[in-house]
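> The following block contains a protein sequence and its predicted model.
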Amino acid sequence: MKQLCSKLWPVLMALALLMSFGTSVRADGDSVSYSIDVEVNGETIISITPGSGSPAYPNPTMTVVDSAALVFSFNAPGDYSYTVKQAGTDPSIIYDDTEYLIQFHIELNAGGTLEGTVSLSKTGSSFKEVKIQFGNSKVEEETTTIIRTIIYKEFDENGKEIFIRVEQPVVIKRTKTTDPDGNVSFGPWEMVGGGAPAVDSPPYPGWTPDKDQVPTWDVDLNDPKDETVYVFYKPDPTTETKTITRTITYTEYTPDGKEVSVTVVQTVTLTRTVIQNPDGSYTYGEWEISGGDTAAISSPPYEGWTPNLSQVGRWEIDLKDPKSVVIHVVYHPTGSRPDTGDDFWTGWFVIFGIAAAGLAGLLVFAGKKNSKDSREDQ
């Protein structure tokens with residue numbers, strides 16, 4: 001019985017270690033082996049570095065995908081140790097930099113068989129672990145393209161589109177990090193290459209844009225999104241021109257209205273702006289005098305005659321309704337008429353009226369005289 005117990009003892013110790021530290025143990029008379037589990041999310045490379053006096057691990061660096069087992073075998077009593085850590089170089093992975101220390105104590109039992117104990121802990125910690133576990137974070141680069149569209153139209157957004165749209169794509173990027181628990185976080189957006197340059201508004205004959213240039217696109221990296229910019233063209237104001245005249249005539253105060261002096265014609269040029277509206281109608285500006293003669297004109301002398309207007313005053317044009325005008329300056333014999341009415345025919349009508357009345361009186365008188373002479377003859 002004693003001999004049987006001595007043979008079972010190493011096996012029972014190995015099972016105890018397996019239950020306590022997550023390792024598997026195999027022992028025989030010549031050596032003892034320990035298996036330690038390794039887990040990682042994804043793929044990594046680990047290194048197994050022996051401590052002082054410990055034999056090298058058969059595969060000092062190894063690739064692990066999700067999980068693996070490290071098997072350590074010893075054929076002589078002693079204290080052995082190994083450091084296990086990650087040695088991956090993938091730039092898309094943030095490696096868990098935890099280091100694990102594995103310590104073995106191997107000795108001969110009373111039956112002359114090797115047996116031992118194993119201790120697994122994180123470097124610098126006294127807490128005992130049951131397995132090696134690395135939690136890595138996956139880092140990816142996320143890119144997207146946003147577009148600035150420039151639209152050129154007449155008048156407003158409802159107007160006619162007059163040029164091909166300009167589309168300016170901009171590429172931006174950010175990091176996407178997935179931690180060992182599957183949680184995702186994002187870094188700030190960054191520009192990839194340059195942004196969208198400034199764009200000059202193309203010429204459109206007879207029209208003026210409200211923006212001579214659409215400036216460089218400063219993308220809001222806190223909230224990047226597509227953008228639309230409108231450039232509205234307004235029709236250039238046109239100029240309407242109008243010419244009006246003031247005509248001054250000089251005539252005698254006689255029925256035939258003999259011309260006393262050369263007629264004076266003053267010409268004035270007026271302008272105003274005209275603007276086309278979106279509905280096709282037009283808006284007109286105020287008339288303005290752009291040139292011409294509006295000066296006062298003195299009536300020329302005419303010997304023995306006096307004008308009804310010694311001077312035609314400065315031409316005060318009604319700019320709300322500018323139109324041509326005619327002014328008559330009438331000359332009458334000096335001293336023959338105190339007033340200076342404009343209508344010389346009025347005087348002649350008076351003269352004709354007096355003459356007609358006198359003639360009628362003579363006819364009546366002649367008629368009465370003839371009647372009296374006839375009665376006397378009888």
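Great, that's in hand.

> And the residue nearest the centre of the protein?
Among the residues of the chain, the one closest to the centroid is residue 229, at 4.6 Å (C-alpha atoms, centre = their mean).

> Excluding chain neighbours, what is closest to that residue?
Nearest residue to residue 229, sequence neighbours excluded (C-beta to C-beta, 6 or more residues apart in numbering): residue 150, at 5.0 Å. In this view, the C-beta of every residue, glycine as well, is placed from N, C-alpha and C.

> Quick one: mean pLDDT for the helix or strand harbouring residue 261?
Counting by DSSP states H and E, the element that carries residue 261 is strand 259-276. When pLDDT is averaged over strand 259-276, the result is 96.

> which parts of the next helix-or-strand element following it are buried?
Using DSSP H and E, the helix or strand that follows strand 259-276 in sequence is strand 282-284. Residues of strand 282-284 classed as buried by neighbour count (16 or more other C-beta atoms under 10 Å): none.

> what's the following helix or strand after strand 282-284?
strand 288-292.

> wait, the residue nearest to the centre of the chain sits on residue 151?
Yes: Residue 229 is within contact range of residue 151, at 7.3 Å (criterion: C-beta atoms under 8 Å).

> Wasn't residue 54 part of a strand?
No: going by DSSP: H, G, I helix; E, B strand; the rest coil, the assignment for residue 54 is coil, not a strand.

> in the sheet, who's paired with the closest residue to it other than its chain neighbours?
In space, and not counting its chain neighbours, residue 54 is closest to residue 80: 4.2 Å by C-beta to C-beta, 6+ apart. According to DSSP bridges, residue 104 are recorded as the beta-bridge partners of residue 80.

> Wait, residue 80 touches residue 48, no?
No: Residue 80 lies out of contact with residue 48 (C-beta under 8 Å); the separation is 11.9 Å.

> okay, and the common contacts of these two?
Residues touching both residue 80 and residue 48 (C-beta atoms under 8 Å, 6 or more residues apart in numbering): none.

> neighbours around residue 268, how many?
Neighbour count of residue 268, defined by other C-beta atoms under 10 Å: 19.

> Is it bridged to anything, and to what?
Residue 268 has these beta-bridge partners by DSSP bridges: residue 244, residue 292.

> The one 4 residues further on too?
As for beta bridges, residue 272 partners with residue 240 under DSSP bridges.

> In this structure, where is pLDDT below threshold?
For the chain, applying pLDDT under 70 flags the ranges 1-29, 337-378.

> Kindly report the domain assignment for it.
For the chain, automatic domain parsing gives the domain ranges 2-135, 139-235, 243-347.

> chain center to the first one, what's the gap?
It refers to domain 2-135. 64 Å (C-alpha atoms, centre = their mean, to the nearest Å).

> is it true that residue 296 touches residue 314?
Yes: between residue 296 and residue 314 there is a contact at 4.7 Å, judged by C-beta under 8 Å.
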